[in-house]
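Novice: Have a look at this prediction, sequence included:
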Amino acid sequence: MRRDGAPRRLTVDDGTVWLWNVRHRHPDCRTVLALRRAGSPHAVLRLVFREAPGRAVAGFTMGRHEVLAAGGGRLNLDEPGVARRFLDAAVARGLVPTAHGTREEDGWPLFDELTAGAG
C-alpha cells in the first residue's frame, strides 16, 4: 500500500517524469497538490486550495482530497488524470519553477480553468 502523501510518478508525452503528491493540512484547512520534475527535487510548485466562500476542500461530506466550487465543478486531486491536467495548465502559465525553490500558487484559478462549463 502506498504511503499517504508519498510522491507518485507521472510521465508526460515528451518523456519527462514528474513527481506529484497531495496532502491536506491544518490549521487553516488547505489541500496542497505538489508538482516537481523528477530530476529537480528542490524546484517545487505547490498549488494550494483553501476553503473560501463557495469553495470547499476535502472534508466530512466529500472524498479524500476533493476540491469543489459552488458554481459547479468537483475534482479529485488523487486521480493521476486530474494531476496531469493541473500540471499541463501550470506549465502553460509558466508557474513551475526551474531553479531551486518552492513556489506556492492559489490553485483555484487553475481549478476554474479546468472546470469551465461544468455547472
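Specialist: Arrived safely. Residues are numbered from 1 along each chain as shown.
Novice: Which residue ranges of the protein form strands?
Specialist: Taking DSSP state E, the strands of the chain run over residues 8-11, 17-25, 30-37, 43-50, 55-57, 66-69, 74-76, 101-106.
Novice: Distance to A89, mean pLDDT and mean neighbour count for those strands - can I get that in CSV?
Specialist: For every residue, glycine as well, the C-beta is placed using N, CA and C. Below are the strands of the chain laid out as CSV (distance: least, Cβ to Cβ, whole Å; pLDDT from 0 to 100; neighbours: other Cβ atoms under 10 Å):
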stretch, distance to A89, mean pLDDT, mean neighbour count
strand 8-11, 14, 94, 13
strand 17-25, 13, 92, 17
strand 30-37, 11, 94, 20
strand 43-50, 9, 96, 20
strand 55-57, 17, 89, 19
strand 66-69, 14, 90, 21
strand 74-76, 12, 92, 18
strand 101-106, 11, 96, 12
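Novice: Could you export the ones you listed as CSV, including distance to F86?
Specialist: Below are those laid out as CSV (distance: least, Cβ to Cβ, whole Å):
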stretch, distance to F86
strand 8-11, 10
strand 17-25, 8
strand 30-37, 6
strand 43-50, 6
strand 55-57, 15
strand 66-69, 10
strand 74-76, 8
strand 101-106, 10
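Novice: Ok, which of those comes nearest R93?
Specialist: Nearest to R93 among the strands of the chain is strand 101-106 (8.7 Å), distances taken as Cβ to Cβ.
Novice: Give the partner strands of the closest one in its sheet and their orientations.
Specialist: Applying DSSP bridges to the sheet, strand 101-106 is found paired with strand 43-50 (parallel).
Novice: Contacts made by the partner strand with the rest, please.
Specialist: Strand 43-50 is contacted by residues 28-37, 55, 57, 67, 77, 86, 90, 95-108, 110-111 when judged by Cβ atoms under 8 Å, 6 or more residues apart in numbering.
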